[in-house]
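1. okay, structure incoming, though there's no sequence with it:
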């Protein structure tokens, strides 16, 4: 069974400080991982996916298959980064089922 | 491109009733999935439709059913509502496999 774990429900970081949101996964196949973000009063939207290896809004995430992790990082937090962040794993057996973690609420302290 | 739109945005139902939630997928998207998001939890996969056929189902009872129409819009039906069905129901669409999955704003269902 596939599972995504986000150990921190809440994370507060000062503006300008580095941010790391943790994500660990359990999956028997080759994982495809994503970070989704939900800003206040907005819909869930894709932040980044590991296969694109790009940096979005200063965030990066590296897939570590040895540690089964996909942590989200940003070197300098900005106030507009305050949001709910979900790590998700895509099933590649037949359908496109996303398995989400429980989410981390990131608050940037001015 | 038009985004994924869902209706209604909020509704209240009584235990035992039935509810239908609707979703218009993003233009050109042929795959629609439904997710349930309970308070404090991440979204949980209910099922997916691809070109009007069910293409996978999560761990939800048969009273959760769905449809996809020729224009790729979709409905989620829930019969015999229970209090635990109270949640945000999200619709997501994509164009074939491997492309970005877009979410709607969701329908808040409260069962009393």
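-> Noted; the coordinates are in hand. Just so we're clear, the structure is a prediction, and the values are computed from it rather than from any experiment.

2. how is residue A:80 assigned, secondary-structure-wise?
-> helix (DSSP: H, G, I helix; E, B strand; the rest coil).

3. so which bits of chain A are right by chain B?
-> The interface of chain A toward chain B, taken as C-beta under 8 Å from any C-beta of the partner chain, is made up of A:4, A:6, A:9, A:36, A:42-46, A:49, A:86, A:88, A:91, A:94-103. The C-beta positions use only the backbone N, C-alpha and C, and glycine is treated the same way.

4. if you look at those, which of them are in strands?
-> The strands, defined by DSSP state E, take in A:4, A:36, A:45-46, A:49, A:86, A:88, A:98-100 from the residues of chain A next to chain B.

5. list the buried residues of stretch A:88-104.
-> For stretch A:88-104, a neighbour-count test (16 or more other C-beta atoms under 10 Å in any protein chain shown) marks A:88-91, A:95-101, A:103-104 as buried.

6. so for chain B, the centremost residue is which one?
-> Note on chain B: the residue nearest the mean C-alpha position is residue B:34, at 3.2 Å, using C-alpha atoms, centre = their mean.

7. how far is stretch B:65-73 from where the chain is centred?
-> 11 Å (C-alpha atoms, centre = their mean, to the nearest Å).

8. where does pLDDT dip in chain B?
-> Along chain B, the parts satisfying pLDDT under 70 run over B:1-2, B:97.

9. name the residues of it found near chain A, please.
-> B:3-4, B:31, B:33, B:35, B:40-45, B:48, B:50, B:55-56, B:58, B:90, B:92, B:94, B:97, B:100-106.

10. 6 Å instead, please
-> B:41-43, B:45, B:48, B:55-56, B:97, B:100, B:103, B:105 (C-beta under 6 Å from any C-beta of the partner chain).

11. does the residue nearest to the centre of chain B sit in a helix, a strand or a coil?
-> On the basis of three-state DSSP, residue B:34 is classed as strand.

12. just give the nearest non-adjacent residue to it, would you?
-> Closest residue to residue B:34 apart from its sequence neighbours, by C-beta to C-beta, 6 or more residues apart in numbering or on different chains: residue B:46 at 4.3 Å.

13. wait, doesn't that neighbour sit right on residue B:59?
-> No: judged on C-beta atoms under 6 Å, residue B:46 makes no contact with residue B:59 at a distance of 9.1 Å.

14. my guess is the residue nearest to residue B:34 is in a strand, correct?
-> Yes: assigned with three-state DSSP, residue B:46 falls within a strand.

15. and residue A:14, its phi and psi?
-> phi -70, psi 150 (degrees, to the nearest 10).

16. is it in a bridge, and if so with what?
-> residue A:109 (DSSP bridges).

17. for it, grab the count of nearby residues.
-> Using other C-beta atoms under 10 Å in any protein chain shown, the number of residues around residue A:14 comes to 10.

18. equivalent analysis for residue B:28, please.
-> Neighbours of residue B:28 (other C-beta under 10 Å): 12.

19. list the contacts for it?
-> residue B:95 (C-beta atoms under 6 Å, 6 or more residues apart in numbering or on different chains).
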